[in-house]
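Colleague: Give me coordinates for this.
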Amino acid sequence: MTRHGDQRLILAGDIGGTKTNLGLFRKGKRRPVVKVTRSYPSREAANLAQILEQFLARHPVTVAGACFGVAGPVRDGVSRTTNLPWDVSEKKLKNRFGWDSVRVINDLTATAYAVPLLTKRELFTLNPGRKYREKSVGLIAPGTGLGMALLIWKDGSYVSVPSEGGHIDFAPNNEAEAAFWKYLHVRLGHVSVERALSGPGLFIIYCWMKFTGQGSEPTWLAEKLNEGDPSKAITDAALEEKDPLCVKALDFFVSILGATAGNLALTGLTRGGIYLGGGIVPKILLKLQEELFMRAFVDKGRFRGLVSEIPVHVILNDKAALLGAAHGALMNLS
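Modeller: So this is what the prediction gives:
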């Protein structure tokens, strides 16, 4: 048995296209208790092992077990990340670090593990709805890419169902969205919903609007777009109402997010609720509180009444995926 300060420690990781979060946790009464966390720029490392070596050099402990939520599909303990040139393998990590227990799971599976553990203070409710106990739950999370997952109630607890729902077809709901789809289809062929609902997707929406004459770009904004993260620049300008085109682009994004979340609610019949996660959603919380999101969410024709009853919550804990990965590691030890 591995101990550190009389507590077994496990290592958890949330591996995204932009950043990699790592943390050491111990078992708590209700959920894993964090001891230390650290974030690393994913693209500055050749692979996950390189980041793990940096982390463990700074925090030299013996690891009882590890679990990593990775942005990409997982097959037989191996994930080839969608937005990074990495292969993450349970077997290779075991061999390299000498750990007995290693799990590699989808990052949305990790976040889904965390959902039943979250407190009311870690959630913001957009639609209280009518929550049914022990019913399916849906999770949708736009960030560098777009992730989805379902939680199914079975034998007294929730089971996380992995998904690559971010790569389903983008389904336009009006003429403007149809024009956007056509614009992408000509250039890309298949148009997944991730092409719109992600950080890069928001920038694509903005560029399409600009190039099709729906607004002009002021000099100060052009400079901001070239300085760093263009999606953040667009979001900031929209929330501060400093640029009409940015406002229009973010509204377009939010409407598609609402419609897609509503589709997930119908697909999984998620009477236990829909949860919005990822890096983008908490940053646009003020925009989500406007009527645009919920109007698109419930706009499901004959099933409008059913969808209107489904609760919708925003996950405010930005380390939810890390918490879920820690829970996954402890599950593997029990």
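
Colleague: distance of Arg75 from His327?
Modeller: Here the criterion is Cβ to Cβ, to the nearest Å. By it, Arg75 lies 22 Å from His327. Glycine gets a C-beta too; all of them are placed from N, C-alpha and C.

Colleague: could you pull out the helices for the stretch 1-150 of the chain?
Modeller: Here the stretch 1-150 of the chain has its helices, by DSSP state H, counting those that start in this stretch, at 48-58, 90-97, 107-114.

Colleague: who wins for proximity to Ser255 among those helices?
Modeller: Nearest to Ser255 among these is helix 107-114 (22.3 Å), distances taken as Cβ to Cβ.

Colleague: Outside of the closest one itself, which residues are in contact with it?
Modeller: Residues outside helix 107-114 that contact it (Cβ atoms under 8 Å, 6 or more residues apart in numbering): 14-16, 67, 69-72, 137, 139, 141, 147-151, 158, 160-163, 277, 315, 317, 320-325, 327-328.

Colleague: Off-centre distance for that helix?
Modeller: Offset of helix 107-114 from its chain centre (Cα atoms, centre = their mean, to the nearest Å): 9 Å.

Colleague: repeat for stretch 255-274
Modeller: 15 Å.

Colleague: I'd like the helices of the stretch 1-150 of the chain as JSON lines, with distance to Leu292 appended.
Modeller: Shown next, in JSON lines, are those (distance: least, Cβ to Cβ, whole Å):
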{"stretch": "helix 48-58", "distance to Leu292": "38"}
{"stretch": "helix 90-97", "distance to Leu292": "42"}
{"stretch": "helix 107-114", "distance to Leu292": "24"}
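
Colleague: from those helices, which stretch is densest packed?
Modeller: Mean neighbour count (mean count of other Cβ atoms under 10 Å) peaks for helix 107-114 among those, with a mean of 30.

Colleague: okay, that one in PDB with CA atoms only?
Modeller: Output of helix 107-114 as PDB, limited to C-alpha atoms (Å, rounded to 0.1, in the frame of the first residue of the first chain):
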ATOM      1  CA  ASP A 107     -12.200  13.200 -21.100                       C
ATOM      2  CA  LEU A 108     -16.000  13.500 -21.200                       C
ATOM      3  CA  THR A 109     -16.200  10.200 -19.400                       C
ATOM      4  CA  ALA A 110     -14.000  11.700 -16.700                       C
ATOM      5  CA  THR A 111     -16.200  14.800 -16.500                       C
ATOM      6  CA  ALA A 112     -19.300  12.600 -16.400                       C
ATOM      7  CA  TYR A 113     -17.900  10.700 -13.400                       C
ATOM      8  CA  ALA A 114     -17.700  14.100 -11.600                       C
END
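
Colleague: Low-confidence stretches in the stretch 101-250 of the chain?
Modeller: Nowhere does the stretch 101-250 of the chain drop to pLDDT under 70.

Colleague: Arg75 and His327: who's more crowded?
Modeller: His327 (23 against 9; other Cβ atoms under 10 Å).

Colleague: Quick check: that one is in a helix.
Modeller: Yes - per DSSP: H, G, I helix; E, B strand; the rest coil, His327 lies within a helix segment.

Colleague: contacting residues for it?
Modeller: Contact analysis of His327 by Cβ under 8 Å, 6+ apart lists 31-32, 113-114, 117.

Colleague: which residues of the stretch 201-334 of the chain fall in strands?
Modeller: In the stretch 201-334 of the chain, the segments counted as strands under DSSP state E, counting those that start in this stretch are 273-276, 312-315.

Colleague: out of the ones you listed, deepest packed?
Modeller: For the strands of the stretch 201-334 of the chain, average neighbour numbers computed from mean count of other Cβ under 10 Å are highest in strand 273-276, which has a mean of 25.
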